[in-house]
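# sequence first, predicted coordinates after that:
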Amino acid sequence: MDKLTTGIKNLDGILAGGIPLYSLNIVSGSPGSGKTIFVQNIIFNNARNGLKSLYLTTISESQFKMVRHLQKFEFFSDDFLGDKFIYGDLGAVLREQGTDKVLGYLTEMIKRHQPNIVVIDSFKAIRDIFPDEKTFKAFVFDLAAALSIWEVTVFLVGEYEEKELTLLSEFAIADGIFHLYGHEEKRFQKRYLRILKMRGTNFEQGEHLFQISPAGIEIYPRIKLEGKELQYEVRTGKRGFGITGLDEMLSGGLTEGTITLISGGTGTGKTAFALKFLLEGAEKGEKGLFISFEEPVAQLQDNARHLGWELDRYLEDGRLDIKFISPIELDVDKHAFEILDMVQENKVERFVIDSISSFESSVSDIQKYKDYLWAIGQQLKRRHITTIFTVLNEDLFSPVVVSKAQISLMADNIIILRYVEDNSSVKKVVGVLKTRGTNHNKNLKEYEITPNGINILGKLEIENMLR
């Protein structure tokens, strides 16, 4: 089936290549949800491919006013106006000549300009002019029949509420339905797109985050795995930390392509352990990526220098990369997708997120947080990327707790760092709670972080340390 590519970031992938040609599509949503920009972005992207669009407004917005709004977007070009972008005022026809003349005007415009794409914005405004549902329903069916003759791809834009999408007659004739809507979350006003219907092609179901940026519409598809994506080869190689005592506790290191949680209280050294894991890989020529939600790059570089680690050298030669994302700006829908893109593009073999506790605090729905984390973890395992997630344990001397969000089930390996009291002094101990598929040392061992790095000391002889 031939398709109309939208050119919108990630939308054609969601649509398995694009929108079927000559289909009739409704773009619905509340005022301000981004419907008009969505359609105009598609129109101008296709103008660059030589396709012509007829844009009919029913709200009598002047072309001058519309262009003024569009000029701030990179997809806009006034070179296309009047040639690839034909503007028509359907609202004037409705007001001055009545609904009987709409089909005639539409047919005349299509005959004259022979467009590839036709847009009516807002179609809901036409509905409101008709005296009753029966008359409007007859008009809708006549419109659909007329448009099908001309072999054009149609977008009817309207301010419809979600509950109307299964009730109103215009949705019965639609081949495709795009519904745009927003949510108010903790810190962001977020926009989502759902494709409710698309005859003749597969598409990714569910809600997809989108943003309106100077580039136009940018979509971040919902992360999910199914079927064959959940089947992957298990490898048995080991990835060490380069910390002698810890690698011995792990029987040589972390198994390649596994997910490890490092859980500990503030100041226990979670970041240092995770960073050392990437440095060890860099020394062996393995590319590493460190996503920090807590410490900027310069601060991590400074910390590494104090531990005697050559972080700067590996950053310069590209074997190691650090990205800092401010926890204030963290948006799990967007950043989860971008992080996986970075991992793939940079061919990363070792990967760290420090910390996933920041992920958790950015999501109001804890189940959504766990779903995202599981999906990211599975994507990383499919690609055989050995991964560490650090987790903050807020209670420094509590009985052992890995994570309050019950995410430990998704981990293959769990390492705990904690404080213990010994003879009126505070010591740090490291323990391995779990290594899926391999043996590990069960002892709790004292460790120290010095200007020469991390040293694992001997077994600490204190009873009931985890209670």
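Happy to help now that I have it.
# after whichever strand or helix holds I217, which helix or strand is next?
In this structure, I217 is located in strand 216-220 according to DSSP states H and E. Sequence-wise, the next helix or strand downstream of strand 216-220 (DSSP H and E) is strand 238-239.
# just to revisit the earlier point, can you list the buried residues in the strand holding I217?
By neighbour count on 16 or more other Cβ atoms under 10 Å, the buried set for strand 216-220 is 216-220. In short, each C-beta sits where N, CA and C put it, glycine included.
# what's the lowest-mean-pLDDT helix or strand in the chain packed up against?
Using mean pLDDT, DSSP states H and E, helix 356-361 stands out as the lowest-scoring helix or strand of the chain, at a mean of 77. Counting contacts by 3 or more Cβ pairs under 8 Å, 6 or more residues apart in numbering; DSSP states H and E, helix 356-361 is packed against helix 366-382, strand 386-392.
# out of those, which one sits most buried?
Of all these, strand 386-392 carries the top mean neighbour count, a mean of 26, counting by mean count of other Cβ atoms under 10 Å.
# and for that strand, what are the contacting residues?
239, 254-266, 270-271, 273-274, 277, 349-357, 373, 377, 380-381, 402-403, 407, 411 (Cβ atoms under 8 Å, 6 or more residues apart in numbering).
# sheet partners, orientation included, of it?
Pairing partners of strand 386-392, with direction, according to DSSP bridges: strand 259-264 (parallel), strand 350-354 (parallel).
# any weak-confidence spans in the stretch 51-200 of the chain?
Within the stretch 51-200 of the chain, the segments meeting pLDDT under 70 span 60-62, 184-188.
# which parts of it are helices?
63-70, 90-97, 102-113, 123-129, 133-149 (DSSP state H, counting those that start in this stretch).
# now render the ones you listed as CSV, adding distance to F203 and mean neighbour count.
CSV is the format used below for the helices of the stretch 51-200 of the chain (distance: least, Cβ to Cβ, whole Å; neighbours: other Cβ atoms under 10 Å):
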stretch, distance to F203, mean neighbour count
helix 63-70, 27, 14
helix 90-97, 29, 16
helix 102-113, 28, 15
helix 123-129, 22, 18
helix 133-149, 21, 15
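# and the ones you listed as TSV, adding distance to G176?
Shown next, in TSV, are the helices of the stretch 51-200 of the chain (distance: least, Cβ to Cβ, whole Å):
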stretch	distance to G176
helix 63-70	24
helix 90-97	21
helix 102-113	20
helix 123-129	14
helix 133-149	13
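# ok, which of these comes nearest L56?
helix 90-97 (4.2 Å; Cβ to Cβ).
# what about S169, neighbour count?
Residues near S169, counting by other Cβ atoms under 10 Å, number 15.
# and stretch 71-84, how far from the chain's centre?
29 Å (Cα atoms, centre = their mean, to the nearest Å).
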